[in-house]
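Okay, here's the prediction I keep looking at, along with the sequence it came from:
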Amino acid sequence: MFVGHYSASLAIKAAKPTIPLWVLFVAVQAVDIGWGTLMLLGIKKARYIKGFTEVLPLDLYYMPYTHSLLASAIWALAGGALYFLWRRRDGAAAAALVGLAVLSHWFLDYPMHPGDLALFDESHKVGLGLWNHAFAATALELTLLAGAIALYARSCPQHAKAMWIFGAVLAVIQIGNTYGPTPPSALAFAGMALLSYGAFAYVAWRIERE
């Protein structure tokens, strides 16, 4: 999943408006930020195989430090703890929601990945494989995103227009990501993903700042 992950950040923001949206944008992609960084460092492993799935031409065969359920839970605990240390005034509930945003990544990836998400270490891998059906995968991502923007717009009406515009941009990016040309290698995927996550978090910050 790509832009569909932001549905979790927008829904949590609607439930707890004191949490900065850019923080939630980073939180829901924290696992992938870790994956991209470890890929560039040569610690994570992936094979670029054209046509491996209809959506993503990567065989993500080794990613135990980020995309196992156990690892994601550890990332979630760390994310919640860091937020609590940074913004203790928001309370433990807000920190728990930031941790939940981090953990949501694994559960939103589960319907997409083709059996490469481990429950722990590299064992008991699962995934429903919706990436093998590009139209269905894209429809799910955009439906989740639109529904979450509607929740956000009702909770934060002052930013509703900007968020719907941003949502439309994210939808176009998602469609291009699914049906357009792909980066030439796994490392290129990792680098472009990291740039995207940073850019999207910046836009989220600007939307709330305005």
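On my side now, so go ahead.

who's in contact with the helix or strand of the chain with the lowest mean pLDDT?
Using mean pLDDT, DSSP states H and E, strand 123-126 stands out as the lowest-scoring helix or strand of the chain, at a mean of 90. For strand 123-126, contacts defined as CB atoms under 8 Å, 6 or more residues apart in numbering pick out 110, 115, 116, 117, 118, 119. Using the backbone N, CA and C atoms, a C-beta is placed for each residue, glycine as well.

Distance from stretch 136-148 to the middle of the chain?
13 Å (CA atoms, centre = their mean, to the nearest Å).

Equivalent analysis for stretch 72-82, please.
That offset, for stretch 72-82, works out to 15 Å (CA atoms, centre = their mean).

average model confidence for that stretch?
Across stretch 72-82, the average pLDDT comes to 98.

Now it - C-alpha only, PDB.
Extracted as PDB, the C-alpha positions of stretch 72-82 are listed here (Å, rounded to 0.1, in the frame of the first residue of the first chain):
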ATOM      1  CA  SER A  72       6.200  -3.300  13.500                       C
ATOM      2  CA  ALA A  73       5.000  -3.600  17.100                       C
ATOM      3  CA  ILE A  74       8.500  -2.600  18.300                       C
ATOM      4  CA  TRP A  75       8.500   0.400  15.900                       C
ATOM      5  CA  ALA A  76       5.100   1.400  17.200                       C
ATOM      6  CA  LEU A  77       6.200   1.300  20.800                       C
ATOM      7  CA  ALA A  78       9.200   3.400  20.000                       C
ATOM      8  CA  GLY A  79       7.200   5.900  18.000                       C
ATOM      9  CA  GLY A  80       4.600   6.300  20.800                       C
ATOM     10  CA  ALA A  81       7.400   6.700  23.400                       C
ATOM     11  CA  LEU A  82       9.200   9.300  21.300                       C
END
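
Look up which helix or strand residue 59 falls in, please.
According to DSSP states H and E, residue 59 maps onto strand 58-62.

Could you give me the buried positions within the next helix or strand after that strand?
Going down the chain from strand 58-62, the next helix or strand is helix 69-86, by DSSP H and E. Buried residues in helix 69-86, defined by neighbour count with 16 or more other CB atoms under 10 Å: 69, 71, 72, 75, 76, 79, 80, 82, 83, 84.

Counting by contacts, list what helix 69-86 packs against.
Contacts defined by 3 or more CB pairs under 8 Å, 6 or more residues apart in numbering; DSSP states H and E place helix 69-86 against helix 30-40, helix 91-109, strand 117-120.

Let's see that with 6 Å instead.
helix 30-40, helix 91-109 (3 or more CB pairs under 6 Å, 6 or more residues apart in numbering; DSSP states H and E).

got these as a markdown table, with mean neighbour count columns?
As requested, the helices and strands packed on helix 69-86 are exported to a markdown table (neighbours: other CB atoms under 10 Å):
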| stretch | mean neighbour count |
| --- | --- |
| helix 30-40 | 20 |
| helix 91-109 | 21 |
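
for those, which one sits closest to residue 55?
For those, proximity to residue 55 was assessed by CB to CB; helix 91-109 is nearest, at 12.2 Å.

Quick one: mean pLDDT for the closest one?
On average, helix 91-109 scores 98.
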